Each structure stands twice: as structure tokens, then as C-alpha cells.
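>>> need a 3D model of the sequence below.
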Amino acid sequence: MFEKDTLYISDLDGTLLGKDAKLSKRTADIISGLIDEGMLFTAATARSLSSVGILEKLRLRIPCVQLNGVLMYDFPKRQYTDCTPIDTESARKVIDVLRKYDRMSFVYKADETYGIHVEFEKLTNNVERNFFEVRKDNDYKSFSKVNEITVSDDDKVIYFTMVDEYHKLSKICEEISHIHGASPTLYSDNYSDLYFLEVFSSNATKARGMEKIKRLTGAKKVVAFGDNLNDIEMLKSADVGIAVADAAPQVREIADLVIGNSFEDAVALYLMNNE
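Numbering: from 1, shown residues only. Predicted structure coming up:
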């Protein structure tokens, strides 16, 4: 039986979701049943609300972490409850680096009610074009192609994201890592041979989002599940950090426990059989 004072938190892509980027019926049935029994379960993902509608199948009762810790969304209340933007000067410095490398992809800005607007100058590859096509008509955020992205004093920049080959993004990541207030993360795409480079506030991480939810729920312990490099800090910060068998080698190395493959409902089966 699971511990009712323990928070269970899982990454989505490559961890809770299958190779088709979908939540299997078995996982949904198991976890939603455990939540109905009182389990404190939620997700921490690089995705935003427009692509985490799948979590509604789980009937989540506590907030989830989105955009790697930038946003917190409360499903029962159907509203964002927390937002951590990049400070204006840091955001402008990030844009300077991206413009230097001619790599200005998606820049996320939030309004006062955390409505999200995404600007971009151009799309570089099919993954970015597909990202745009799938999301351009959703209700949760809007997209605009602009001639030049700028940051005004009133703008609340919360996120930068782009997809490309590792060697094209690693130098950009290195330069941005020296910008105070900005935190870059570079990790492989679960569904292609390319890599994601994402930039957000240094004060926003999955680990910090996890700690916020722990305090909110009054949980005494945290068990976290992950598979990719952007999950490492969260797994290290948890009382128990668990990697799926198909996780990146660096993640398996730091994990307290390695379970089955993500595409075989490993997280749900662990929760059902071991807690």
C-alpha cells in the first residue's frame, strides 16, 4: 500500500508516456485508481498545458509542474497557480546569444493571468515545424511569427525552446550558462535524433517545483521518476529517485533505483506493486 504522506511525482515523455508519446490505458487506469484511493501523485514535465491534456485522464488532485518548473498548474481549479519568469535583462542577453547564432526559435511570454503567447522568427527543422502545427490552434497559448523578437520592460519572458543537432546547440548552451539569472538545459528528444535546448529562470527547476508541491501538500517524503538529463536534479533532490530502464545512462547512474521500461507501464506497475 502506498504511503499517504508521500508525494509521488513523475516526468512524462520517456517515463510515464509510451514511445507514441501517449498515456497508455493501463497506466491511466492504475494511477487514477491510486489517486482516487488517496495517493499524492502528480507530474513534472517540460511540456506546457497545451500538451498535457492527457493528464486529465489521471484525475489529478494536486498541481503539476510544467515547463521544467516555470509554471504550476492546478487541474481541479483549472488555473495556473505559480509562474517564475526570467528577469528582463537576462532575457535580453539570452536573445543576444541566440541572434549571434541565428537560432531564434520559440520565445514564451506570459501575461498577468499566466496566459501564454509564443513568438518565433523562423522554424529551422521538421520537428519545430511539427511542434508549431500541432499546437498553433490550441486554446492554452497563442503563436505569432514576427520579424524580430524583442523584450520590453513590461514583457514577462518565461521560456525559450529550440530543437536541433547536438553540435549546433551545445555552444549556445555553454554561452547561455554564463548569463546570470538564466538556466539552460540540453537533452535528447525522446522521439527523434535531435536535441532540445531550453532556457528558463535560474529560480525555476523541476526540483524546486517538486519542493513547492511537497510544501503545499504537507508530504513528508518524495519519490520521483525520470529518464532524461533535465530530471537529474529532481531525482537527486527526492528522498527516492527512480529511473526507468530506458533512461539516459547519466540518469540511471544517479538513481536510487532502476525499474522497467517506460513503454511497458513501469511507473504505474511500480506504484501498484511496491508502494
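>>> C-alpha only now, for contacts and for neighbours.
OK.
>>> which strands and helices lie in contact with the helix or strand encompassing residue 167?
For residue 167, the host element (DSSP states H and E) is helix 166-176. Applying 3 or more Cα pairs under 8 Å, 6 or more residues apart in numbering; DSSP states H and E, one finds that helix 166-176 contacts helix 88-100, strand 182-188, strand 195-201.
>>> can I get it in PDB, CA atoms only?
Taking C-alpha atoms only, helix 166-176 is exported to PDB below (Å, rounded to 0.1, in the frame of the first residue of the first chain):
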ATOM      1  CA  TYR A 166      23.700  18.500 -30.600                       C
ATOM      2  CA  HIS A 167      26.700  20.200 -32.000                       C
ATOM      3  CA  LYS A 168      24.600  23.200 -33.200                       C
ATOM      4  CA  LEU A 169      23.100  23.700 -29.700                       C
ATOM      5  CA  SER A 170      25.900  22.800 -27.300                       C
ATOM      6  CA  LYS A 171      27.900  26.000 -28.000                       C
ATOM      7  CA  ILE A 172      24.800  28.100 -27.500                       C
ATOM      8  CA  CYS A 173      24.000  26.300 -24.200                       C
ATOM      9  CA  GLU A 174      27.600  26.900 -23.000                       C
ATOM     10  CA  GLU A 175      27.300  30.700 -23.600                       C
ATOM     11  CA  ILE A 176      23.900  31.000 -22.000                       C
END
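>>> what is the orientation angle of it with strand 195-201?
For helix 166-176 against strand 195-201, the angle by axes from the mean of the first three to the mean of the last three Cα atoms, to 10 degrees is 20 degrees.
>>> how near is the spatially most central residue of the chain to residue 204?
The residue lying closest to the centre of the chain (Cα atoms, centre = their mean) is residue 46, at 1.6 Å. Distance from residue 46 to residue 204, counting by Cα to Cα, to the nearest Å: 11 Å.
>>> could you name every residue contacting both of the two?
Taking Cα atoms under 8 Å, 6 or more residues apart in numbering as the contact rule, residue 46 and residue 204 both touch 68-69.
>>> sorry, back to before: for the helix holding residue 167, the averaged confidence score.
Helix 166-176 shows a mean pLDDT of 96.
>>> could we number from 10 for the rest of this?
Fine by me, first position is 10 from now on; the one you just mentioned is helix 175-185.
>>> still on that earlier bit, can I assume the residue nearest to the centre of the chain sits in a helix?
No - going by DSSP: H, G, I helix; E, B strand; the rest coil, the assignment for residue 55 is coil, not a helix.
>>> which stretches of the stretch 160-284 of the chain form helices?
With DSSP state H, counting those that start in this stretch as the criterion, the stretch 160-284 of the chain has helices at 175-185, 215-226, 241-246, 258-263, 275-283.
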